[in-house]
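K.L.:
Pasting the sequence and the predicted coordinates here, then a few questions.
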Protein chains: 2
Amino acid sequence: MRNVLLTLSYDGKAYHGWQVQANAPSVQQTLQDAWEQICRKRDNVVGCSRTDAGVHANMFCCNIRTENEMPCDKLCTALNAVLPFDISVLECSEVPYDFHARYDCKSKEYIYRIHNSPVRSPFLYGYVWHYKYPLDEKMLDECAKQFIGTYDFTSFCASGSSVEDNTRTVIAAGVERHGDEVVFRIEANGFLYNMVRIITGTLIGAAQGKIDKDGIVDIILAKDRSAAGVTAPPDGLYLNKVNY
Amino acid sequence: MRNVLLTLSYDGKAYHGWQVQANAPSVQQTLQDAWEQICRKRDNVVGCSRTDAGVHANMFCCNIRTENEMPCDKLCTALNAVLPFDISVLECSEVPYDFHARYDCKSKEYIYRIHNSPVRSPFLYGYVWHYKYPLDEKMLDECAKQFIGTYDFTSFCASGSSVEDNTRTVIAAGVERHGDEVVFRIEANGFLYNMVRIITGTLIGAAQGKIDKDGIVDIILAKDRSAAGVTAPPDGLYLNKVNY
């Protein structure tokens, strides 16, 4: 037995998120099917996190404990040959047997892409949140920086979540502009359900004057979902980096 | 009556090209349907060129002679509201009544995007030609520059084309690299059927050593389709600029 770490990238448009679901296609299921086709055995795939329906990954890590002995470079090529075009295996390597893609993750980085242009782009449908009014990325960056720190982020957690402790540490957060794209970037030791999307919605709320741009910490301290902004659509969200 | 110029951008993945066809969706048809829905009258849309099935446009121009009097900015907004996500109207303006999007075009620029990476990207399917072996963009650029000039480009025209004179002037041509993307750019006063795709296929042939990288002019002078390389897939091709 050995433990194999796969680094993936996927377009989440067609999937109901990472996690296997009863009646909907998922990335995990698709990967497990590809694995079974190559390795002739159904091994369990452990993902670094769940992603929501329609959310993308520039980098996603998962590990598989397996009896299969195919060399890692061949495994990578073989999996890519059978996977659909919207999931790619970027890397494959052997890791210590007790490595766990979720428990051993030190931090993750997400980005949220906002296409800030009067007219939507035909090439970005499903890949960005289109916002047609001018955005001030400096102001958004100042807002974003207020999320840095260790807090109970209940205000930025979708109601109905069953997690017991909502305390997370945001290590870095900021907003940059690249042409007509405004990108929100956030790294934390963990994320609550819909946390990045609610933070993004709150930033847009600040841009619209509906949220006090200097009052982000007050919203955090309220520990009340209704104090924060809307939940941004999944389209613009990408798991961007997984740190071990 | 007036003459309206529309500047479009479209993702060609779902369309059998620009031109109206009997049994397949086309961009022209989709635009004419949207126009009819907004203007309550079916006016004829004149495109600057045809594009093949699966080919994209960062910029495409067309003109419509119409009795409709809606202000141009409203027309733009209204068309975008009814058009599908993969076609956008970027601009709308009034032009002289005798302006013709095809006949008045002085030159057009196409780009061809090659994703040069060992692993394909899940986000680029249908939008690039994935080529996994290393490409030398300097060598490709030198090859590309040999296309500049006025020639009979019969060697770079799909057989079966009914055009009488295959002489065209290539004004500019070159290859640049942006990270793992290699982009071929070509401007000419006109293009033959599949010309950019056959030139791209020939450049890749040179990269593979199947085509003499210093013999491009000989291939042109042969006036023989079989002297050139393969036809690159439509996926990576974009009409990029239309000059009047």
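P.N.:
Yep, it's here. Keep in mind that this is a model prediction, so the values were computed, not measured.
K.L.:
Okay, A:F147 and chain B: tell me how far apart.
P.N.:
Distance, A:F147 to chain B, by C-beta to the nearest C-beta, to the nearest Å: 27 Å. In this view, the C-beta of every residue, glycine as well, is placed from N, C-alpha and C.
K.L.:
what's that residue in contact with, if anything?
P.N.:
The contact partners of A:F147, by C-beta atoms under 8 Å, 6 or more residues apart in numbering or on different chains, come to A:V170, A:A173, A:I186, A:I199, A:I216, A:I220.
K.L.:
One more: A:S26?
P.N.:
By C-beta under 8 Å, 6+ apart, the neighbours of A:S26 are A:Y15, A:H16, A:G17, A:W18, A:Q19, A:V20.
K.L.:
related to what we said a few turns ago, what is the most widely separated pair among the contacts of A:F147?
P.N.:
In these, two members sit farther apart than any others by C-beta to C-beta. They are A:I186 and A:I220, at 13.6 Å.
K.L.:
Now do the helices in chain A.
P.N.:
With helices called from DSSP state H, chain A shows them at A:27-39, A:72-82, A:137-145, A:195-207, A:216-222.
K.L.:
Please tabulate these in CSV, including the columns mean neighbour count, distance to A:Y125 and mean pLDDT.
P.N.:
Shown next, in CSV, are these (neighbours: other C-beta atoms under 10 Å in any protein chain shown; distance: least, C-beta to C-beta, whole Å; pLDDT from 0 to 100):
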stretch, mean neighbour count, distance to A:Y125, mean pLDDT
helix A:27-39, 19, 20, 95
helix A:72-82, 16, 25, 95
helix A:137-145, 19, 23, 97
helix A:195-207, 25, 18, 97
helix A:216-222, 17, 30, 96
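K.L.:
of all those helices, which lies closest to chain B?
P.N.:
Chain B lies closest, by C-beta to the nearest C-beta, to one member of the helices of chain A: helix A:72-82, at 6.5 Å.
K.L.:
which helices and strands does the closest one pack with?
P.N.:
On a contact count with 3 or more C-beta pairs under 8 Å, 6 or more residues apart in numbering or on different chains; DSSP states H and E, helix A:72-82 meets strand A:2-10, helix A:27-39, strand A:87-95.
K.L.:
Dump those to a markdown table, plus distance to A:K132.
P.N.:
As requested, these are exported to a markdown table (distance: least, C-beta to C-beta, whole Å):
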| stretch | distance to A:K132 |
| --- | --- |
| strand A:2-10 | 28 |
| helix A:27-39 | 31 |
| strand A:87-95 | 32 |
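K.L.:
ok, A:S9 touching A:F60?
P.N.:
Yes. A:S9 lies in contact with A:F60 (C-beta atoms under 8 Å); the separation is 7.0 Å.
K.L.:
The two - which one has more neighbours?
P.N.:
Remark: of A:S9 and A:F60, A:F60 carries more neighbours, 27 against 21, as counted by other C-beta atoms under 10 Å in any protein chain shown.
K.L.:
For that one, which non-adjacent residue is closest in space?
P.N.:
Leaving aside its sequence neighbours, A:F60 sits nearest to A:L8 (C-beta to C-beta, 6 or more residues apart in numbering or on different chains; 4.5 Å).
K.L.:
give me every residue that touches the one you found.
P.N.:
Neighbour list for A:L8: A:V27, A:L31, A:A57, A:M59, A:F60, A:C61, A:C62, A:I87, A:S88, A:V89, A:L90 [criterion: C-beta under 8 Å, 6+ apart].
K.L.:
wait, the fifth one sits on A:K241?
P.N.:
What it means is A:F60. No. The pair A:F60 and A:K241 fails to qualify as a contact (C-beta under 8 Å) at a distance of 10.0 Å.
K.L.:
Could I get the contacting residues of A:V95?
P.N.:
Residues counted as contacts of A:V95 (C-beta under 8 Å, 6+ apart) are A:N3, A:V4, A:L5, A:N63.
K.L.:
still on that earlier bit, let me know the closest of the contacts of A:L8 to B:A144.
P.N.:
Nearest to B:A144 among those, counting by C-beta to C-beta, is A:S88 at 29.0 Å.
K.L.:
mind checking how far that closest one is from A:V55?
P.N.:
Taking C-beta to C-beta, to the nearest Å as the measure, A:S88 falls 16 Å from A:V55.
K.L.:
same thing with A:R2?
P.N.:
Remark: distance between A:R2 and A:V55 (C-beta to C-beta) = 30 Å.
K.L.:
try A:K108
P.N.:
Shown here: A:K108 relative to A:V55, a distance of 12 Å by C-beta to C-beta.
K.L.:
Now the common contact residues for those two.
P.N.:
Residues touching both A:K108 and A:V55 (C-beta under 8 Å, 6+ apart) are A:L239.
K.L.:
Nearest residue to A:M139 in space, ignoring adjacent ones along the chain?
P.N.:
A:K213 (6.1 Å).
K.L.:
A:D224 too?
P.N.:
A:S155 (5.6 Å).
K.L.:
residues near that neighbour, how many?
P.N.:
Neighbours of A:S155 under the rule other C-beta under 10 Å: 25.
K.L.:
Domain-wise, how is chain A divided?
P.N.:
As given by automatic domain parsing, the domain ranges for chain A are A:2-95, A:107-243.
K.L.:
Any chance of JSON lines for these, columns distance to B:H178?
P.N.:
Below are the domains of chain A laid out as JSON lines (distance: least, C-beta to C-beta, whole Å):
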{"stretch": "domain A:2-95", "distance to B:H178": "17"}
{"stretch": "domain A:107-243", "distance to B:H178": "13"}
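K.L.:
Please identify the residues of chain A in proximity to chain B?
P.N.:
Proximity of chain A to chain B (C-beta under 8 Å from any C-beta of the partner chain) is limited to residues A:9-11, A:56, A:76, A:80, A:85-90, A:119-123, A:125, A:127.
K.L.:
And the residues you listed, which of them are buried?
P.N.:
Buried subset of the residues of chain A next to chain B (neighbour count, 16 or more other C-beta atoms under 10 Å in any protein chain shown): A:9-11, A:56, A:76, A:80, A:86-90, A:119-123, A:125, A:127.
K.L.:
For burial, what's the neighbour tally of the closest residue to A:C157 other than its chain neighbours?
P.N.:
Leaving aside its sequence neighbours, A:C157 sits nearest to A:L192 (C-beta to C-beta, 6+ apart; 3.8 Å). Counted with other C-beta under 10 Å, the neighbours of A:L192 add up to 21.
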